[in-house]
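> pasting the structure only:
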C-alpha cells in the first residue's frame, strides 16, 4: 500500500526540549512538505523540499529545522526556539514538476503538545 | 496576510440538499485551485481541482465553479450525505511562484444532518 506515514500520532514534550517528527512516504514522490494547523486556521507551510538534499523555508519556518537525506524521508525538528509549538503537524508529498500542477497527498498528522 | 479566505467557518445542510462552500482569493497570480476534505485527527484528502482556464469541473456529486473576475470559487455537493460531514479546505497555487506550493484557506466545517 502506497502512502505517507507520520509517527507518532500523539506526542508530548516538556517546554525547552527539541522534538523530531517523522514523515515517510513510499509514493516515489520527489517533493515533500510540512504544514502546521492551529484551531480555526488553515494549513500553514513550514518547510518544503523538492529534491533530496535541498529544502526551502515556508511561511513559518522560524523555530523549525528539517533534513532531506533520503527521498522517502523528511523529518521535522521542533526546536526550543519555536515559541508556540503545540499544534497539529501535517506532512505531505507530491510529484514535483516545474510545468504542471500536482495535488499533495497528506499523512495522518502528529498532534504535538508541549507541557 | 491570508491570500485564500473561507469566510464561513461552518455550514449545516439537510441530507439530500445541496451544500455550497465558498472561497475567495486575493492573489491574481493563482491559476490552480483545489478542494480538500478533512476528518478530525486525520490528514486532508484531495477532493477536486480546477485550472484557471476552466470555469467548472465536475466529479460525481462534487462540482467546483471558478469566477476569475470575482476571484471566487465554490464547491457544490449534491446531494449531500452524512458522510460528507467534515472540514473542507480551499487551496490555491500559482505557476510563477511554484506550482506545487499551496496556499490554504481556514476551512469550513460542513455538517450534514440526517
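Received, thanks. On a predicted model such as this, the values are computed, not experimentally measured, just so you know. Numbering: from 1, shown residues only, chains lettered A, B, ... in the order given.

> Contact partners for the closest residue to chain A within chain B?
In chain B, no residue comes nearer to chain A than residue B:43, which is 3.2 Å away by Cβ to the nearest Cβ. Using the backbone N, CA and C atoms, a C-beta is placed for each residue, glycine as well. Contact analysis of residue B:43 by Cβ atoms under 8 Å, 6 or more residues apart in numbering or on different chains lists A:4, A:6, A:90, A:91, A:92, A:106, A:107, A:108, A:109.

> average pLDDT for the helix or strand the third one falls within?
In this assignment (DSSP states H and E), residue A:90 forms part of strand A:87-94. pLDDT averaged over strand A:87-94 equals 94, rounded to a whole number.

> What is it packed up against?
For strand A:87-94, the elements it packs on are strand A:4-7, strand A:19-25, strand A:31-37, strand A:76-78, strand A:105-106, strand A:110-114, judged by 3 or more Cβ pairs under 8 Å, 6 or more residues apart in numbering or on different chains; DSSP states H and E.

> how distant is the shortest one from the center of its chain?
It stands for strand A:105-106. Chain-centre distance of strand A:105-106: 11 Å, with Cα atoms, centre = their mean, to the nearest Å.

> looking only at pLDDT, what's the mean for that strand?
Averaging pLDDT along strand A:105-106 gives 93.

> Count the neighbours of the closest residue to residue B:52 other than its chain neighbours for me.
Spatial nearest neighbour of residue B:52, chain neighbours left out: residue B:31 (4.0 Å); criterion: Cβ to Cβ, 6 or more residues apart in numbering or on different chains. Residues lying near residue B:31 (other Cβ atoms under 10 Å in any protein chain shown) number 18.
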